[in-house]
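Undergrad: mind folding the following:
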Amino acid sequence: MRGKQTVRGMFQSMAVICAAAAVIYLFVPHDDEADPIKPVDYGVELVTAQRAAPYPVLAPKGLGEEWRPTSVSYSRRDDDAWHLGYLTPEREYVAVEQSTGPAVRYVVQVTHDARDTGKVQRIAGRAWERWEGEKYDALVLRQEGVTTVVTGTASFERLGEMAAALKSEQVREPGTGEQPGTAGKPETAADSGTAAEAGTAGKG
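TA: Below is the predicted model of the structure:
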C-alpha cells in the first residue's frame, strides 16, 4: 500500500513541475522568430592577420547587411592560413580561404575534394578558376606566394559577388612606419600579385 502511495506521489510531483514549467513558458517573454545566428566581429582577427601574414589578407567590403559573418581564424603554423566564413542572404555558406601552402592540395582540402573544371570566371579583370564538388563549389585565384579560395554551398553568382568585394586594407607596423605586403590604397584580389590565368572564360 505504501509503495502505491509513493508512486502516486511521484506522478503528482511530476504533474506539478510540468504545470509550473508551462506557466513559466507562457508568461516569460520569448521571441520564436529571433535569429539564433549571431554575427561575429572579426575586426581584431583581421588586423592581426594582416600584420602577420606574408601576403595581402582579404576581407569583403560593401556587402549588404544580409550577408552575415559567422567564423574567423588565422593560423601562422598552418601555412599562414586565413579563414573567414559568411552566410549569404539565402543562408548558404561562403568562405574566404587563403594560404601560402601548395595550391592544389590546399584547394582540395578547403573545398572538401572539389575539382578544377578547366573553366574560369572573370571578376574585376582577373580569371578565377571554377572548381566543382559534391559538397562545395569554389572560385580559385592563384597568385605569387598565396592561393585565394572563395568556396561554399552558395551559387557561383554569390561566390563571385564575394570575390568581387574582397579587399586588403593597409596595415602599418607599430613604431616602424613600414607597410607589410599591401599597397598604399585598399587592395583588391584583382590588384594583388599576378594571377595564373589559363583557359577561356566560363559563364558567370
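
Undergrad: what comes up buried for the helix or strand harbouring V47?
TA: V47 belongs to helix 43-52 when elements are defined using DSSP states H and E. Neighbour-count burial for helix 43-52 flags 45-46, 49-50 (criterion: 16 or more other CB atoms under 10 Å). C-beta coordinates here come from the backbone N, C-alpha and C atoms, glycine included.

Undergrad: quick one: low-confidence residue ranges for this structure.
TA: Filtered on pLDDT under 70, the chain yields the residue ranges 1-16, 18-36, 170-204.

Undergrad: which strands or helices does the helix holding V47 pack on?
TA: strand 68-75 (3 or more CB pairs under 8 Å, 6 or more residues apart in numbering; DSSP states H and E).

Undergrad: in the strand it packs on, which residues are buried?
TA: Residues of strand 68-75 classed as buried: 68-70, 72, 74 (neighbour count, 16+ other CB under 10 Å).

Undergrad: again, but for stretch 77-92
TA: 80-88.

Undergrad: what would the residues you listed look like in a markdown table with secondary structure and distance to R126?
TA: Below are the buried residues of stretch 77-92 laid out as a markdown table (DSSP: H, G, I helix; E, B strand; the rest coil; distance: CB to CB, whole Å):
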| residue | secondary structure | distance to R126 |
| --- | --- | --- |
| D80 | coil | 21 |
| A81 | strand | 21 |
| W82 | strand | 18 |
| H83 | strand | 21 |
| L84 | strand | 19 |
| G85 | strand | 23 |
| Y86 | strand | 20 |
| L87 | strand | 25 |
| T88 | coil | 22 |
